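Q: here is a sequence together with a model predicted from it:
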Amino acid sequence: MKRMIPVIALAIVLASSSAWAADATAALDLNSAYVWRGMTANDGLVAQPSMNVAKNGFAFNTWANFDLSDYNDRLDKNNFSEVDLTLSYSHTFNKLAATAGVIEYLFPATAKTAVNGTRELFASLSHPIIGGLSAGVDFYYDVDENHGYYGDVGLTYSMDLVENLSLAASGKAGLASKEWAVYYGGEDGGWHDYILRLALTYALSKELSVGANINYADTLDKKVLPTEIAKTNLFGGVNVTYNF
């Protein structure tokens with residue numbers, strides 16, 4: 001509980017600034033697996049609800065993973081195995097979009113296991129290249145459990161197929177420090193993982209949209225991300241998003 005106090009305090013400050021006028025988005029994803037930075041957290045069905053509130057560049061996001069299936073001897077189904085709280089600030093300089101913030105990772109104990117939570121500072125940059133093509137880079141530094149870093153670089157291409165229906169294709173490659181990789185089961189630092197993604201989104205109205213996606217993820221270096229940790233390669237899901 002102590003690790004949550006700074007995050008909650010900052011969230012209250014954000015909410016107290018006319019939060020009723022803020023932009024809010026609620027979403028629910030239903031996925032065939034939960035894969036995080038190339039690592040399989042659950043190779044079965046999961047539900048992932050989230051809520052984002054933003055105002056004047058500041059944002060507070062709550063995201064959770066609810067396991068709908070058991071996974072090895074670590075997770076019981078019908079439990080929240082992870083809750084992430086994110087505070088961030090975003091600003092655009094001409095066409096360069098920048099975001100920085102802090103993520104609090106919480107892992108509620110289940111009947112089988114309890115995992116230490118941790119905290120990351122992060123910064124992200126993105127910039128359009130031409131047409132619907134854009135490039136981005138993300139950097140995360142763990143200031144609590146492993147004191148290592150993880151970063152990724154990627155490209156995204158977005159286009160409208162027909163009215164209200166859009167397609168986004170993206171690819172990312174991740175790089176990890178030795179401290180970060182060893183903490184999660186690797187032997188050395190270096191190129192960690194990659195992920196390729198195709199996503200369709202259909203706007204049912206100005207507020208409500210639905211989507212579907214398919215992903216392929218794998219290790220880039222077995223010493224950095226062992227194959228037994230990156231066991232799930234192909235996965236996908238559907239989602240619904242509502243903007244208040």
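A: Thanks, I have the structure now. Residues are numbered from 1 along each chain as shown.
Q: how near is L96 to V102?
A: L96 sits 21 Å away from V102, going by Cβ to Cβ, to the nearest Å. C-beta coordinates here come from the backbone N, C-alpha and C atoms, glycine included.
Q: confirm that E179 sits in a helix.
A: Yes: according to DSSP: H, G, I helix; E, B strand; the rest coil, E179 belongs to a helix.
Q: surely it touches E145?
A: No: E179 sits out of contact with E145 when judged by Cβ atoms under 8 Å, with a separation of 9.8 Å.
Q: nearest spatial neighbour of G44, skipping sequence neighbours?
A: Taking Cβ to Cβ, 6 or more residues apart in numbering, and ignoring the residues beside it in sequence, G44 has S69 as its nearest neighbour in space, at 3.0 Å.
Q: what is the residue sitting nearest the centre point of the chain paired to in the beta sheet?
A: With the centre of the chain defined as its mean C-alpha position, the nearest residue by Cα atoms, centre = their mean is W36, 7.5 Å away. Taking DSSP bridges, one finds M39 as the beta-bridge partners of W36.
Q: next: D23.
A: Each beta-bridge partner of D23 is listed here: A54, as defined by DSSP bridges.
Q: contact partners for it?
A: Taking Cβ atoms under 8 Å, 6 or more residues apart in numbering as the criterion, D23 is in contact with 53-55, 243-244.
Q: how about low-confidence regions in this protein?
A: The model of the chain has pLDDT under 70 over residues 1-21, 109-114.
Q: just to revisit the earlier point, which one among the contacts of D23 gets closest to P128?
A: Closest approach between those and P128, by Cβ to Cβ: A54, at 20.9 Å.
Q: neighbours of the closest one, just the number please.
A: By the measure other Cβ atoms under 10 Å, the count of residues near A54 is 17.
Q: before we move on, what about Y105?
A: The criterion is other Cβ under 10 Å. On that basis, Y105 has 19 neighbouring residues.
Q: in the strand or helix carrying T25, what counts as buried?
A: Of the helices and strands defined by DSSP states H and E, T25 is found in strand 23-31. Of the residues in strand 23-31, those buried under the neighbour-count criterion (16 or more other Cβ atoms under 10 Å) are 25, 27, 29-31.
Q: before we move on, what about stretch 220-230?
A: With burial defined by 16+ other Cβ under 10 Å, the residues of stretch 220-230 counted as buried are 220-221, 224-226, 229-230.
Q: cool, and stretch 76-87?
A: Under the neighbour-count criterion of 16+ other Cβ under 10 Å, stretch 76-87 has 77, 79, 81-87 buried.
Q: contacts made by stretch 196-212 with the rest, please.
A: Everything outside stretch 196-212 that qualifies as a contact, by Cβ under 8 Å, 6+ apart, is 161, 164-171, 213-217, 236-244.
Q: recalculate using a threshold of 6 Å.
A: Counting by Cβ atoms under 6 Å, 6 or more residues apart in numbering, stretch 196-212 makes contact with 164-171, 213-216, 238-243, all of which sit outside it.
Q: report the buried members of these.
A: Members of the contacts of stretch 196-212 classed as buried by 16+ other Cβ under 10 Å are 166, 168, 170, 213, 215, 239, 241.
Q: now the strands for the chain?
A: Ranges of strands in the chain, per DSSP state E, are 23-31, 34-36, 39-42, 46-55, 58-67, 79-93, 96-106, 118-130, 133-142, 149-162, 165-176, 190-203, 208-219, 234-243.
Q: who's in contact with G38?
A: G38 is in contact with 193, 217, 225, 230, counting by Cβ under 6 Å, 6+ apart.
Q: also K172?
A: Applying Cβ under 6 Å, 6+ apart to K172 gives the contacts 152, 154, 195.
Q: identify the residue spatially nearest to it, adjacent ones excluded.
A: The shortest distance from K172 to any non-neighbouring residue, by Cβ to Cβ, 6+ apart, is to G154 (3.6 Å).
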